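The sequence and its predicted three-dimensional model are supplied below.
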Amino acid sequence: MSSKLQALNRWVDEVARLTQPDAVHWCDGSDEENEKLIELMQRDGTLIALNDETHPNCWLHRSNPSDVARVEHLTYVCTKDQDDAGPNNNWMDPAAAHAKVDALFDGAMRGRTMYVIPYCMGPIDSPIARCGVEITDSPYVVANMRIMTRMGAAALARIEREGAERAARGEREDAFVKGLHSIGELDPEKRFIMHFPEELTIKSIGSGYGGNALLGKKCHALRIASWQARSEGWLAEHMLIVGIENPQGETHYVAAAFPSACGKTNLAMLIPPESYREVGWKVWTVGDDICWMTPGPDGRLWAINPEAGYFGVAPGTSAATNPNALATTGHDAIFTNVAVTEDNQPWWEGLPGAPVTDWQGRAHDAKNGPAAHPNSRFTVSAKQCPSWSPHAEDAKGVPISAIIFGGRRPSLVPLVFESRDWKHGVLVGASMGSETTAAATGAVGVLRRDSMAMKPFCGYNYADYFAHWLSFDKPGARLPKIFHVNWFRKGADGKFLWPGYGENLRVLEWIIGRCDGATDALETPIGYVPRKRDLRVDGLRLDDRALGALLDVDPEGWRNEIADIGKYLDSFGARMPAKLKAEQRRVADAINESLRPAKSATG
Ligand code: GTP
Ligand code: SPV
Ligand code: MN
């Protein structure tokens, strides 16, 4: 097979000459193709069938134990000018980077089949959607890309059509993203995830796991897309998209950026507390990880989920925390690095029952740590989610009423606060901090700045990215309000103060009320915070002291925090927009003002 697009054929030939596969297979995305691949993977042990009665069409994959998460230290943005990648990215000169990885790709696919995967990020007929082609030697990647993207014949047809249209205009015909991937030797010493945004190119070698290997996801839909979004006037963000329907039948869409493994999937699939369900509140899932937003003719931001599936964190997913995710993953799912029970069901920490085999295939022994890897994941079609939004496939997207930032902050940061305006909201996003998680290799639980939850994913200089965010505030814009949440504040006993999960709807209700001008708040130096009476906590086992602690703004603590934020902004040097630094000083002044002793009446 080949394509009508000569530029695509030429690239495929060029890659085949370099990597020397035994065979080349163009993926059409059909059921037959998928069945054949699954058969092949069962035969060579890449996939293991799970209990067909409890989990029909579900498969277990065990990745190499040295390849279980994203590798930020091996991920590069290779721009001609190092400053364009910024201090937030590892950088390599493009020519040097190509030379380095091409040497590793040389002959890398010998003895393997090379798969050509045309895919579309976003609804296939959406003007906001973008296409790419991933070339890989991993059938596991093919099976995952089939779930996570619109993969196959329809995507190829769009790529060919767009190529022909461009050629007719006298432009270069290959404006799709080219992603080259090989599992290589799965050797961490020979592992690189390279991005060339100026060439719309990705080269990834040495990992078969998640965002390192499914190139449509983080590499294309965030790192390359954020670069394109900047030059074209839109936003590519690490955000869930969820619709909240109130008892009057009105739906507000909210986009929320939380760092990896900090609650996006859970919030996107939230089930309202019973007292809310009874009166008609409903929640609709549009996306759980990535959001592409573009200003519409009405001045609002319209959002699509570029993905077609979920690559979600397994541990902690349970009937108590996220029943929708459990229902979604009950059939036709791939589980990576989970444990299994005696009757061959997938198992992870948080589920009832007991594991007999751990994620590495060993007899489970608590001495070896958790039975499921903390970053074990499920891959499943978004459509299988019971709360899948009827508007999730809308070509024009859904209109966003509120943007929420949040992270794991055990202290200081209140349950929720609202920024004063867009500029302040951009500062709140830029200032985000969160404890690191198992989603990336390295230490867990270390507090770090993770602006807009994009630290590992912004494909260009963060200072330019903040300037891009600020640029949306212009005449005619009807921008969403910007909020910050923290489900992870802990009490003196080290336990979470807030129950979280479904109960987070109570916070969303306040947020939507603020968007509609229907709920009240207290103005503080860091923004608007609900007073105790502004938040509905009826039926919650939450004592008054805990609620007070959750909503408290400690000016002394915030004085240190805002000073640290100032240092962080300065670390980006001269490219940092003066507007954002001025906003930081405004907040710092407001905090200092609140700390001045009140003038006495007689003084
Ligand atoms: P990525 O897919 O890595 O981008 O992550 P995500 O943001 O989608 O994270 P996810 O929703 O899968 O959450 C990961 C972890 O956070 C799980 O261990 C959850 O149990 C936990 N979590 C999610 N929501 C809450 C919450 O409201 N409260 C508490 N305490 N934990 C939560
Ligand atoms: C994340 O780490 O934010 C993920 C998982 O969503 S991965 O696709 O592996 O990056
Ligand atoms: Mn993510």
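Nice, I can see it. Numbers count the residues shown, from 1 in each chain. Ligands and ions are numbered 1, 2, ... in the order given.

residue ranges with poor pLDDT in the stretch 351-500 of the chain?
Nowhere does the stretch 351-500 of the chain drop to pLDDT under 70.

And the residue of it that's closest to ligand 3?
Ala439 (6.9 Å; C-beta to the ion). All C-beta atoms are positioned from the backbone trio N, CA, C, and that covers glycine.

count of neighbours near that residue?
By other C-beta atoms under 10 Å, 20 other residues sit near Ala439.

Which positions in this protein make contact with ligand 1?
258, 260-266, 288-289, 312-313, 315-316, 321, 439, 487-488, 496, 500-501, 504 (C-beta under 6 Å from any ligand atom).

out of those, which touch ligand 2?
Among the residues of the chain next to ligand 1, ligand 2 is touched by Ser260, Asp289, Ala439 when using C-beta under 6 Å from any ligand atom.

Which residues of the stretch 401-550 of the chain lie near ligand 2?
Counting by C-beta under 6 Å from any ligand atom, the stretch 401-550 of the chain sits next to ligand 2 at Ala439.

just the stretch 101-250 of the chain next, same as before
Residues of the stretch 101-250 of the chain lying near ligand 2 by C-beta under 6 Å from any ligand atom: Gly210, Gly211, Lys217, Lys218.

quick one: which of these is nearest Val15?
Lys217 (20.4 Å; C-beta to C-beta).

number of nearby residues for the closest one?
Lys217 has 25 neighbours, counted by other C-beta under 10 Å.

what about it, which SS state?
Here Lys217 is recorded as helix under DSSP: H, G, I helix; E, B strand; the rest coil.

so who does it touch?
Each residue near Lys217 by C-beta atoms under 8 Å, 6 or more residues apart in numbering is listed here: Met148, Gly210, Gly211, Asp289, Ile290, Glu307, Phe311.

That one and Ser63, how far apart?
Lys217 is 16 Å from Ser63, where distance means C-beta to C-beta, to the nearest Å.

now do Trp26
26 Å.

Excluding chain neighbours, what is closest to Tyr119?
Here the nearest residue to Tyr119 in space, its sequence neighbours aside, is Thr149; by C-beta to C-beta, 6 or more residues apart in numbering that works out to 3.9 Å.

What count of nearby residues applies to that neighbour?
29.

so what's it up against?
Taking C-beta under 8 Å, 6+ apart, one finds Tyr119, Cys120, Met121, Ala155, Gly216, Glu307, Ala308, Gly309 in contact with Thr149.

how about the strands in the stretch 401-550 of the chain?
Secondary structure of the stretch 401-550 of the chain by DSSP state E, counting those that start in this stretch: the strands cover 416-418, 433-435, 447-449, 481-485, 522-524, 527-529.

Just confirm Glu162 is within a helix.
Yes. Using three-state DSSP, the assignment for Glu162 is a helix.

quick one, what contacts it?
Cys131, Ala175, Phe176.

Next step: those restricted to strands.
Among the contacts of Glu162, DSSP state E puts Cys131 in strands.

ok, the contacts of Thr149 vs Ile244, which is closest?
Glu307 (20.6 Å).

So that closest one: helix, strand or coil?
coil.

correct me, but it touches Gly287?
Yes. Counting by C-beta atoms under 8 Å, Glu307 does reach Gly287; the two are 6.4 Å apart.

Spell out which residues are contacts of both of those two.
With C-beta under 8 Å, 6+ apart as the test, Glu307 and Gly287 both reach Ala382.

Between these two, which is the more surrounded one?
Neighbours per residue (other C-beta under 10 Å) separate Glu307 from Gly287, with Gly287 holding more: 26 against 23.

Counting neighbours, what do you get for the nearest residue to that one once chain neighbours are set aside?
Once flanking residues are discounted, Gly287 sits nearest to Asn305: 2.8 Å by C-beta to C-beta, 6+ apart. The local packing of Asn305 (other C-beta under 10 Å) involves 29 other residues.

for Ala320, same thing?
Burial of Ala320 is recorded as 11 neighbouring residues (other C-beta under 10 Å).

before we move on, what about the one 10 residues further on?
Other residues near Gly330 number 14, with proximity taken as other C-beta under 10 Å.

Check Gly442 too.
Neighbours of Gly442 (other C-beta under 10 Å): 13.

ok, it touching Arg70?
No. Using C-beta under 8 Å, Gly442 is not in contact with Arg70; the gap is 9.7 Å.

how would you label Tyr568: helix, strand or coil?
Classified using three-state DSSP, Tyr568 is helix.

residues in contact with it?
Tyr568 neighbours (C-beta under 8 Å, 6+ apart): Ser431, Arg449.

try Pro499
Contact analysis of Pro499 by C-beta under 8 Å, 6+ apart lists Leu540, Arg541, Leu542.

how much space is there between Thr379 and Phe258?
Taken as C-beta to C-beta, the span from Thr379 to Phe258 is 20 Å.

hmm, back to that, buried subset of the residues of the chain next to ligand 1?
Buried members of those, scored by 16 or more other C-beta atoms under 10 Å, are 258, 260-266, 288-289, 312-313, 315-316, 321, 439, 487-488, 501, 504.

In helices, which of the residues you listed appear?
Filtering those for membership in helices, criterion DSSP state H, returns Lys264, Thr265, Asn266.

Against Ile271, how distant is the second one?
So the one you mean is Thr265. From Thr265 to Ile271 the distance is 13 Å (C-beta to C-beta).

do the first one as well
Computed as C-beta to C-beta, the Lys264 to Ile271 distance reads 16 Å.

Please identify which residue in the stretch 401-550 of the chain comes closest to ligand 2.
Ranking the residues of the stretch 401-550 of the chain by distance to ligand 2 (C-beta to the nearest ligand atom) places Ala439 first, at 3.6 Å.

Could you give the backbone dihedrals for that residue?
When read as degrees, to the nearest 10, the backbone of Ala439 gives phi -70, psi -30.

contacting residues for it?
Ala69, Arg70, Pro259, Ser260, Ala261, Val313, Asn375.

could these go into TSV alongside distance to Asp570?
Formatted as TSV, these follow (distance: C-beta to C-beta, whole Å):
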residue	distance to Asp570
Ala69	31
Arg70	28
Pro259	22
Ser260	26
Ala261	29
Val313	34
Asn375	33
